[in-house]
Every structure is written in C-alpha cells, then in structure tokens.
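Trainee: this one's structure only:
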C-alpha cells in the first residue's frame, strides 16, 4: 500500500490564485482530514470527512473548501489564496469501525505552500 | 528542513538516558489520546495511544501515562537514541467516538546528544 499520498510537495502561489491540494489513500479508510501546520503551533484541523459525501468544518475552515466524492480522495481547495495561508498542509486518514472505536490517523508527507 | 521546531520547548537528552515529555490537555471529556513523532520534513508518525479508562500503556521503548485528575499526559522514552530526535506532539480526541477529530498540542522538540 502507498498509504496516504499528497500532491504537490511544494507550491508557490500569488495572492488571489486558486489551487487544489490533492490527497489520496489506498487503505479504504472512512475518515479523512486536512490539517495545517505553522511554526511552533502544532497542527490545526481545517476540514474533515467521516465518509464519502460527508464533510464538516474543523478549527480553521475559512478560505478552504473540501469535497469527498470517493472514499479514496479528499481534495482541499483554496479559492483565493492569501499570504496567511502560507503553511505546511497535511492530510490524514483513519479506519473507523464503529461508534466506540478509536483509531490512529495516518499522515501524508505534506504539501509546503507559499503564498506571495 | 521544516521550521516546525521554532519556539518550541526543547528537551536535550544524552544518548542512552531516558526522556520524559509532558503534555497538558484541555478537555476533561476527551477520552482518547495519541502521541505522534515528527521528523524534519515529514508527516507526523504514530507512536502510541491510550484510552481514558487506562492510566498507563507500554510499547516498544515507550510508555504513556495518563493522569485524568490533572489532565496530564506524558511520554517516556527509554534508552533514547539519536533517531529519537524529533518534535513530539500529544493529541486528544475531542469528537464523538468513531469520529477521530484530534486536537494537537504545540509540540516538544527532543534533541539527542550522542
């Protein structure tokens, strides 16, 4: 299994440009999420999905959109990039097997985004 | 490498010594906790987890202790090795069971001195 993959690895945007960060997992995980990581701040949840067709907002959702049309893919869209969105973005997935289960999240390698 | 470690609390440990990393969590209702390790330029990697019905859990060279009374979590690494140099994050589950919505701490940098 490839696990969680993310593309691109690096991206530079100008203010106002749009782009989509791709995330895919081949583990048939139900749960997927997007985090951003800024220096000295840990990871903050942007959006998450508990299954295909279901998404919800996390801690810092403004400026980002997501969709979950398939179990495998969970793209993150920046509609109009701003310098404040310069960050490292991580996608994660986990296998949720019921209402009383907890499972570790597997993280992708990250996308390093710079907005000028 | 990444600037993840900027302004983080740093623990310098001699190779072979034991390391203890501490974490305070915020939500008394959180019932699942995880420790992650992040090396420079990589995504977080799972180390060990613990549910709130436990006080202690051991893995290979690692032990997690949970004190629910004071909302404190710690990670102990035995016989620290150079490969243990990384940023360590604790995370708590703030969502419903089965909905793995995690809240992460800001991280602790561990530097192993050979």
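Mentor: On my side now, so go ahead. Note that the structure is a prediction, hence the values are computed from the model and not measured.
Trainee: where does residue B:26 land on pLDDT?
Mentor: On pLDDT, residue B:26 comes in at 83.
Trainee: In contact with the residue nearest the centre of chain A, which residues?
Mentor: The residue lying closest to the centre of chain A (CA atoms, centre = their mean) is residue A:34, at 2.5 Å. For residue A:34, the contact set (CB atoms under 8 Å, 6 or more residues apart in numbering or on different chains) comprises A:21, A:23, A:45-48, A:58, A:64, A:66, A:74, A:76, A:89-92. In this view, the C-beta of every residue, glycine as well, is placed from N, C-alpha and C.
Trainee: State whether it is indeed within a helix.
Mentor: No. According to DSSP: H, G, I helix; E, B strand; the rest coil, residue A:34 belongs to no helix; its state is strand.
Trainee: rewinding a little: so of the contacts of residue A:34, which ones are in strands?
Mentor: Mapping the contacts of residue A:34 onto strands (DSSP state E) picks out A:21, A:23, A:45-48, A:64, A:66, A:76, A:89-92.
Trainee: Okay, now the unreliable bits of chain A?
Mentor: Along chain A, segments meeting pLDDT under 70 span A:96-102.
Trainee: for chain B, what are the nearby residues on it?
Mentor: A:4, A:31, A:33, A:35, A:37, A:39-45, A:48, A:50, A:58-59, A:88, A:90, A:92, A:94, A:96-110 (CB under 8 Å from any CB of the partner chain).
Trainee: What residues does residue 19 make contact with?
Mentor: Just so you know, I chose chain A. Residue A:19 neighbours (CB under 8 Å, 6+ apart): A:11, A:13, A:77-78, A:81.
Trainee: oops, chain B please
Mentor: B:11, B:13, B:75-77, B:80, B:84, B:110.
Trainee: cool, residue A:24 as well?
Mentor: So residue A:24 contacts A:4-5, A:72-74 (CB under 8 Å, 6+ apart).
Trainee: Perfect, that will be all.
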